[in-house]
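S.K.: Structure for this input, please:
(one chain, ligands or ions: 1)
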Amino acid sequence: MSNVVVKPIAKTKPKVERPKLHKVILINDDYTPREFVVRVLQGEFKMTEDQAHKVMLTAHQRGACVVAMFTKDVAETKATRATDAGRAKGYPLLFTTEPEE
Ligand code: TYC
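M.R.: Here you go, the predicted structure:
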């Protein structure tokens with residue numbers, strides 16, 4: 001009787017890589033009202049008013065600010081929705097995405 005179980009030799013190292021995250025970046029402009037930017041950040045990125053205000057101010061002062069990181073699809077969807085919210089009001093508000101390093 002032979003009930004010895006031989007474990008096959010693994011040929012490939014199991015590799016579990018996390019998907020690359022993508023930054024959503026808020027770009028400053030001279031026309032979109034500050035309060036509108038804050039409301040879009042709260043609505044689309046689930047920020048508190050305080051967090052949203054800080055991000056808006058950083059973009060206003062430095063030209064751009066990283067809002068958050070998501071998988072590629074989620075980052076692109078949120079950036080598009082947030083940009084479209086501004087466009088619907090005639091504002092040039094812009095959110096872009098960029099892969100993490
Ligand atoms: N600079 C705009 C103003 O002075 C406000 C603003 C801030 C717009 C951040 C866009 O990403 C932005 N009304």
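
S.K.: Near the ligand, which residues of the chain? Just list them.
M.R.: 26-30, 32-34, 37, 56, 59-60, 93 (Cβ under 6 Å from any ligand atom). Where you see a C-beta, it was placed from the backbone N, CA and C, and this is true even at glycine.

S.K.: Restricted to strands, list the residues you listed.
M.R.: Using DSSP state E, Leu26, Ile27 are the members of the residues of the chain next to the ligand that sit in strands.

S.K.: Between the residues of the chain next to the ligand, identify the one with the most neighbours.
M.R.: For the residues of the chain next to the ligand, counting by other Cβ atoms under 10 Å, the largest number of neighbours falls to Leu26: 28 neighbours.

S.K.: Give me the pLDDT value at the residue lying closest to it once chain neighbours are set aside.
M.R.: Using Cβ to Cβ, 6 or more residues apart in numbering and skipping residues adjacent in sequence, the residue nearest Leu26 is Ala59, 4.5 Å away. pLDDT recorded at Ala59 is 98.

S.K.: is it true that Ala59 touches Asn28?
M.R.: Yes. Judged on Cβ atoms under 8 Å, Ala59 makes contact with Asn28 at a distance of 4.7 Å.

S.K.: how about the helices of this protein, start to end?
M.R.: 34-45, 49-62, 72-88 (DSSP state H).

S.K.: Can you tell me which of those is most buried?
M.R.: helix 34-45 (a mean of 18; mean count of other Cβ atoms under 10 Å).

S.K.: what's next to it, contact-wise?
M.R.: 24, 26, 47-49, 51-53, 55-56, 59-60, 67-68, 78, 81-82, 85-86, 89, 91, 93 (Cβ atoms under 8 Å, 6 or more residues apart in numbering).

S.K.: Next: stretch 4-24.
M.R.: Against stretch 4-24 from outside (Cβ under 8 Å, 6+ apart): 45, 66-72, 75-76, 78-79, 82, 95-100.

S.K.: how long is that stretch end to end?
M.R.: End-to-end distance for stretch 4-24, by Cα to Cα, to the nearest Å: 55 Å.
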